[in-house]
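Enquirer: A structural model of the following input is requested.
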Amino acid sequence: MFLGKRKKLEAENAQLREQLRDSDAAEPHMGIVNAVESSEIVRGHNLFDVFTGGTSAAGTVVNERTAMSVSAVYACVALVSGAISGLPLPLYERAATGRKRVDNNDVHWLLNNEPTPVFSAATFWEYAVSSILLGGDGLTEIKRNYRGDALGFVPHHFNRVEPIKKDNRLIYLIYPEEGDVYAADQDDMLHFPGVGFNGLRSLSPIRHAAKNAIGTAIAASEYNAEFFANGARPDFALTAAGKVDKEARENLLATWNQKHQGGGKRHIPAILSGGLDVKELTMSAQDSQLIDILRFQVVDIARAYGVPPHMIAETGESTTWGTGIEQLTIGFVKFALRPHLNRIQRELNRKLFRKSDLYLEFNVDGLMQGDSKAQAEYFAKALGGPGSQGWMAVDEVRRLQNLSPQGDEFAKVHKSGEKPNEKQPTQATDQQ
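Expert: Residues are numbered from 1 along each chain as shown. Here you go, the predicted model:
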């Protein structure tokens, strides 16, 4: 069945390539832009927004490349993608008594170690999540053998993949950096959507929710750069009671710079004569407003990504998620990471383990852990400490702490107050 579908898709690939070559240049497909000179793509052209993302209200061009030059965007993307890329992704099998872990599986190894020979799983997940945060969608092609088993995963840039609907199915046109355009069936493409998925594409945070905030941040940053490149604002001014001609001003400035310019001369006291006086220049209202604008843009960008501002070093904003690091991290996992994890897990399971008892699920326990004291109290209760019914075995706790199992009694869950090497008395013993 899979082989027949593969041959059909190869035939459709050849047909699609012919159609793309003959397609009208007035409605170009993504990647087929050689019919339009780049010099013609200016503001007002129908391709201008495609390549630039359009302009913000501040007049700056906002796209994925320019957005990453804003430190708040970079911090949000690095924080979320880095947190998810470091999570274990164990494989489980549903059983009559619950579930059990499955470690000896090719898909599990690929997604946790090396999805493709080019890079590691951590880099792969960081790239996939970054694509969601910048372009709205993460797109990864599943490479399969003739039986349909997954052999590897190849991520594609979101601008090099164009999803189209055909016969009530999604076909993904892929425009590689080298080679011809080809198509992939929806079963062979992991499509991790973001917010606002419409069946083809999701909304890009860069081009929608945070567009004006990022544009304003870029404009403010450029203004600051030009401000300091042009000499910035002087810290003080020399004033005179009478009029000073041009030659006298130039001589005074040259003498002042010679005496006081340079790191080793900054604190040498100035000796003034001829009625000269020093007047300190304080920060203007405009400079103060610029600082407030930059601070607000950080908060606004963090809001678009669902990231608490304090986690990207904006400590001026308070949070209602708690006061300790543990509470703050738990809030971050629940409200910022969990929506992404849910969408990714469901896409993986429906494309890789359809109609199977196997499923993948991110393990966030490492992020939810508290300090050593809190962990010790939690594990004591989990193992059946005083006043608590045990629900974990010692070996399960050891596994969470990356320790080798001990087996035998340590692999069993014990009742409250019972030590692992103790056996509960039998009914006969009780009667005696």
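Enquirer: Which residues outside whichever strand or helix holds Arg399 are in contact with it?
Expert: If you go by DSSP states H and E, Arg399 is part of helix 394-400. The contact list for helix 394-400 (Cβ atoms under 8 Å, 6 or more residues apart in numbering) reads 365, 379, 382-383, 404-407, 410-411, 420. (Glycine included, C-beta is placed from N, CA and C.)
Enquirer: domains in this protein, as residue ranges please.
Expert: 1-27+55-233+291-366, 234-280, 371-426 (automatic domain parsing).
Enquirer: Output these in JSON lines, with mean neighbour count and mean pLDDT appended to each entry.
Expert: Listed next are the domains of the chain as JSON lines, based on neighbours: other Cβ atoms under 10 Å; pLDDT from 0 to 100:
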{"stretch": "domain 1-27+55-233+291-366", "mean neighbour count": "16", "mean pLDDT": "85"}
{"stretch": "domain 234-280", "mean neighbour count": "10", "mean pLDDT": "68"}
{"stretch": "domain 371-426", "mean neighbour count": "13", "mean pLDDT": "74"}
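Enquirer: Glu93 against Asn104, yeah?
Expert: No: applying Cβ atoms under 8 Å, one finds Glu93 not in contact with Asn104, separated by 11.3 Å.
Enquirer: and Pro405, what is it in contact with?
Expert: Contact partners of Pro405, counting by Cβ under 8 Å, 6+ apart, are 395, 398-399, 411.
Enquirer: Quickly name whichever of the residues you listed is closest to Ala210.
Expert: Using Cβ to Cβ, Arg399 comes nearest to Ala210 of the contacts of Pro405, at 40.7 Å.
Enquirer: Quick check: Asp277 is in a strand.
Expert: Yes: applying DSSP: H, G, I helix; E, B strand; the rest coil, one finds Asp277 inside a strand.
Enquirer: Please report how far Asn349 lies from Leu360.
Expert: 6 Å (Cβ to Cβ, to the nearest Å).
Enquirer: again with Ala95
Expert: From Ala95 to Leu360 the distance is 16 Å (Cβ to Cβ).
Enquirer: Repeat that for Ser131.
Expert: Ser131 is 19 Å from Leu360, by Cβ to Cβ.
Enquirer: repeat for Val195
Expert: For Val195 relative to Leu360 (Cβ to Cβ), the value is 22 Å.
Enquirer: Quick check: what element follows the helix or strand Gly152 falls within along the chain?
Expert: Under the criterion of DSSP H and E, Gly152 resides in strand 150-156. With elements assigned by DSSP H and E, the helix or strand that comes after strand 150-156 is strand 161-166.
Enquirer: got the contact list for that next one?
Expert: With Cβ under 8 Å, 6+ apart as the test, strand 161-166 has contacts from 29-31, 139, 170-175, 189, 191, 199-201.
Enquirer: Closest one to Val70 out of the contacts of helix 394-400, please.
Expert: Among the contacts of helix 394-400, and counting by Cβ to Cβ, the member closest to Val70 is Asp365, at 33.1 Å.
Enquirer: How about that closest one, nearest residue that isn't a chain neighbour?
Expert: Leu400 (6.7 Å; Cβ to Cβ, 6 or more residues apart in numbering).
Enquirer: roughly how far apart are the one you found and Lys100?
Expert: According to Cβ to Cβ, Leu400 stands 16 Å off from Lys100.
Enquirer: Next: Leu328.
Expert: 33 Å.
Enquirer: tell me the contacts of Leu87?
Expert: Taking Cβ under 8 Å, 6+ apart as the definition, contacts of Leu87 comprise 341, 362-364, 366-367.
Enquirer: hmm, try it at 10 Å
Expert: Contacts for Leu87 (Cβ atoms under 10 Å, 6 or more residues apart in numbering) come out as 112, 122, 125, 333, 337, 341, 362-367.
Enquirer: Secondary structure class of it, three-state.
Expert: Assignment for Leu87 (three-state DSSP): coil.
Enquirer: The contacts of helix 394-400 into a markdown table, with extra columns for secondary structure?
Expert: Shown next, in a markdown table, are the contacts of helix 394-400 (three-state DSSP):
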| residue | secondary structure |
| --- | --- |
| Asp365 | helix |
| Phe379 | helix |
| Ala382 | helix |
| Leu383 | coil |
| Ser404 | coil |
| Pro405 | coil |
| Gln406 | coil |
| Gly407 | coil |
| Phe410 | helix |
| Ala411 | helix |
| Pro420 | coil |
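Enquirer: Is it possible to get a markdown table of those that adds distance to Gly215?
Expert: Listed next are the contacts of helix 394-400 as a markdown table, based on distance: Cβ to Cβ, whole Å:
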| residue | distance to Gly215 |
| --- | --- |
| Asp365 | 40 |
| Phe379 | 50 |
| Ala382 | 50 |
| Leu383 | 55 |
| Ser404 | 54 |
| Pro405 | 55 |
| Gln406 | 59 |
| Gly407 | 61 |
| Phe410 | 59 |
| Ala411 | 58 |
| Pro420 | 62 |
